[in-house]
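Engineer: Quick one, fold the following:
(chains A, B, C and D)
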Protein chains: 2
Amino acid sequence: MTVRAVERALDILLCFLDRKDLTLTEISKVVSLNKSTVYRLLSSLEGKGFLIRNQETEKYRLGFRIWELSANLNRDHDPSVLLLPELVRLRDLVGETISLYVRDGMERVRIQAVESTESIRRVAPVGIRLPLSVGASSKILVAYGETTVVDQVLNDSGWPEGIAKPFYRQQIAEIKEKGFATSIEERETGTAAVSVPIFSRDKQLLMALSVSGPSNRLTIEKMKENLPIIKEAAQRMETMLP
Amino acid sequence: MTVRAVERALDILLCFLDRKDLTLTEISKVVSLNKSTVYRLLSSLEGKGFLIRNQETEKYRLGFRIWELSANLNRDHDPSVLLLPELVRLRDLVGETISLYVRDGMERVRIQAVESTESIRRVAPVGIRLPLSVGASSKILVAYGETTVVDQVLNDSGWPEGIAKPFYRQQIAEIKEKGFATSIEERETGTAAVSVPIFSRDKQLLMALSVSGPSNRLTIEKMKENLPIIKEAAQRMETMLP
DNA sequence: AAACGCGGTTTCACATAATGAAACCGTGGA
DNA sequence: TCCACGGTTTCATTATGTGAAACCGCGTTT
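Structural biologist: Sure thing, here's the model as predicted:
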């Protein structure tokens, strides 16, 4: 009813969801296929421009056709457009700034934001890149990302010295269990945040939904009070994505 | 050496480079394959999230996985990032505003801009959508797009009444022959522009490179004087893309 | 210098997956 | 009621896709 070879090739493309460069052998292990099979599938993907191969490093990465295709669907499928009404609805309910973050390597990127109805000092612009080591949404992106992300973050050269790594690991485990993360003045003095994950239909982490505000207003009590509303909004957003 | 079924499936994906919604029968014709073959290939693409099918209209469109993959490569492959240095270099050479446009249906979208070093009145922001019926870059996107685009533009409900269709067809044919398009005060009073195409490695039109400025400064003579520089910059940009 | 290990590439025999023709089904129009 | 069309399923056929094995090049170890 379907075509097995095609599904194998697509599985290869999906290896690149959160990794930029992969060798033939790495791909072979990820998709559990014979390396000669993978070799031929890669040749087909490369020939049509969906992957490119770096001649020197022999690593593959996503090709230009992916961008070209995405340029066509961006307006209709971009979560920062699709989810905006729900972000506004949530902002009106909780009164603070609402943001969406995705992970890109060892950074998180703010892809959408709706600002608080209350007075605020300053909001970082959409498109900003922040380290993955601090902040509530960073913790969500680490906790629910691939299991290797924790180690990568801890080994990253940008790891802040004031945070004990074993403590961090424990935090991440607890966050995964609780389903949300908080931060109080971790990234910026006087600022607090609470964040929850947003998943795809096949339970892969897509992004982090974050509510942030001044720490004198967004207290732990206020976060707990609003947590059900935030989690419900995240679930609604999951249904709004294709 | 490669896998035929995979290449067929990728050909199906490439049907969506400039069309949003397609039926099984349309796809079958475009890729010249048996409809039962196409049916199974579509099932595989849909199953992995690369295409979605509208239950009511029975049309297929690109799925969420394309966006997810592109989110990974956007920073490294997005032309509006990659080509920025060359846009700045060209701006410094010709002194006027430089823009990149892509076609999206019956509109063109400005995906990048570097503003003039001279005084200017106002520049439309990146992301703006303009009709495909007027402007130099519109003509480039029509002339070098798929052959059906001319008819689509002419049949579009937004066609301006003051432009004779046979004259427009002749203009488009001439532009394709000359390799550039000009416009003087077509979209906005007092503004002129010259535009050239940027192609992919396999000679598909990717986008239009445009130089624009006030019509008293950017005269026909000035355009012709700068045309070799603009064409050379477009060729350099083609080599800067993956 | 020789042997070894590893990643990438090619070969080849084999089994089955992919294919396309034909039939079927549902729907809308004449 | 009949017909045309698009989508879906069936089935016989064979060409394709596969994986084991071998080969190649390169760097490392002995």
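Engineer: and the residue of chain A nearest chain B?
Structural biologist: The minimum distance from chain A to chain B, using C-beta to the nearest C-beta, falls at residue A:70 (3.3 Å). In this view, the C-beta of every residue, glycine as well, is placed from N, C-alpha and C.
Engineer: Without its sequence neighbours, what residue ends up closest to that residue?
Structural biologist: Residue nearest to residue A:70 in three dimensions, not counting chain neighbours: residue B:70, with 3.3 Å by C-beta to C-beta, 6 or more residues apart in numbering or on different chains.
Engineer: Tell me the confidence at residue A:124?
Structural biologist: Residue A:124 is assigned a predicted lDDT (pLDDT) of 65.
Engineer: ugh, typo on my part, it should be residue A:120
Structural biologist: The model reports residue A:120 with a pLDDT of 61.
Engineer: Repeat that for residue A:78.
Structural biologist: At residue A:78, the pLDDT recorded in the model is 68.
Engineer: repeat for residue A:173
Structural biologist: The per-residue pLDDT reported for residue A:173 equals 91.
Engineer: List the contacts of it.
Structural biologist: Each residue near residue A:173 by C-beta atoms under 8 Å, 6 or more residues apart in numbering or on different chains is listed here: residue A:143.
Engineer: That one falls within a helix, correct?
Structural biologist: Yes - assignment of residue A:173 by DSSP: H, G, I helix; E, B strand; the rest coil places it within a helix.
Engineer: Now for the residue nearest to residue A:70: which residues touch it?
Structural biologist: With C-beta under 8 Å, 6+ apart, residue B:70 has these contacts: A:62, A:66-67, A:69-70, A:74.
Engineer: out of those residues, what pair is the most spread apart?
Structural biologist: Taking C-beta to C-beta as the measure, those span a maximum distance of 15.6 Å, between A:62 and A:74.
Engineer: and the two? which has more neighbours close in?
Structural biologist: With other C-beta atoms under 10 Å in any protein chain shown as the criterion, residue A:62 and residue A:74 differ in neighbour count, and residue A:62 comes out ahead with 27 against 19.
Engineer: Tell me where the model's unsure across chain A.
Structural biologist: A:72-78, A:118-127, A:187, A:242 (pLDDT under 70).
Engineer: Just list what the lengthiest helix in it packs against, helices and strands only.
Structural biologist: Across chain A, the longest stretch assigned as helix under DSSP state H is helix A:220-240. Applying 3 or more C-beta pairs under 8 Å, 6 or more residues apart in numbering or on different chains; DSSP states H and E, one finds that helix A:220-240 makes contact with helix A:84-94, strand A:181-184, strand A:191-199, strand A:205-214.
Engineer: Looking at those, which is nearest to residue B:157?
Structural biologist: Among these, the nearest to residue B:157 by C-beta to C-beta is helix A:84-94 (27.4 Å).
Engineer: tilt between the helix or strand following the closest one and strand A:191-199?
Structural biologist: For helix A:84-94, the succeeding helix or strand toward the C-terminus, using DSSP states H and E, is strand A:97-104. For strand A:97-104 against strand A:191-199, the angle by axes from the mean of the first three to the mean of the last three C-alpha atoms, to 10 degrees is 60 degrees.
Engineer: Sheet-wise, list the partners of the next helix or strand after strand A:97-104 with their directions.
Structural biologist: Scanning the chain past strand A:97-104 towards its C-terminal end, the next helix or strand to appear is strand A:107-114 (assignment: DSSP H and E). The sheet places strand A:107-114 alongside strand A:97-104 (antiparallel), strand A:129-131 (antiparallel), with pairing taken from DSSP bridges.
Engineer: Using the three-state scheme, assign residue A:158.
Structural biologist: Under the three-state scheme (three-state DSSP), residue A:158 adopts coil.
Engineer: Now the phi/psi pair for it, please.
Structural biologist: For residue A:158, the backbone dihedrals are phi -90, psi 10 (criterion: degrees, to the nearest 10).
Engineer: neighbours of it, just the number please.
Structural biologist: Other residues lying near residue A:158 total 11 when counted by other C-beta under 10 Å.
Engineer: for it, what are its contacts?
Structural biologist: With contacts defined as C-beta under 8 Å, 6+ apart, residue A:158 is in contact with A:106, A:131, A:133.
Engineer: Save those as CSV, and put in distance to DNA strand D too.
Structural biologist: Listed next are the contacts of residue A:158 as CSV, based on distance: C-beta to the nearest atom of the strand, whole Å:
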residue, distance to DNA strand D
A:106, 27
A:131, 33
A:133, 33
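Engineer: how about the residues you listed in JSON lines, adding neighbour count and distance to residue A:147?
Structural biologist: JSON lines is the format used below for these (neighbours: other C-beta atoms under 10 Å in any protein chain shown; distance: C-beta to C-beta, whole Å):
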{"residue": "A:106", "neighbour count": "19", "distance to residue A:147": "16"}
{"residue": "A:131", "neighbour count": "16", "distance to residue A:147": "20"}
{"residue": "A:133", "neighbour count": "21", "distance to residue A:147": "18"}
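Engineer: quick check, nearest of these to residue A:204?
Structural biologist: Closest approach between the contacts of residue A:158 and residue A:204, by C-beta to C-beta: residue A:106, at 19.3 Å.
Engineer: The closest one touches residue A:129, doesn't it?
Structural biologist: No - here residue A:106 does not reach residue A:129: they are 9.8 Å apart, not a contact under C-beta atoms under 8 Å.
Engineer: these two touch, right, residue A:138 and residue A:132?
Structural biologist: Yes - between residue A:138 and residue A:132 there is a contact at 4.8 Å, judged by C-beta under 8 Å.
Engineer: shared neighbours of the two, which are they?
Structural biologist: Taking C-beta under 8 Å, 6+ apart as the criterion, residue A:138 and residue A:132 both touch residue A:108.
Engineer: quick check: domain ranges of chain A?
Structural biologist: A:4-68, A:78-240 (automatic domain parsing).
Engineer: Straight-line length of the first one, end to end?
Structural biologist: Domain A:4-68 has an end-to-end distance of 26 Å (criterion: C-alpha to C-alpha, to the nearest Å).
Engineer: check whether it contacts DNA strand C.
Structural biologist: Yes - counting by C-beta under 7 Å from any atom of the strand, DNA strand C is contacted by domain A:4-68 at A:4-6, A:23-25, A:35-36, A:39-40, A:58-59.
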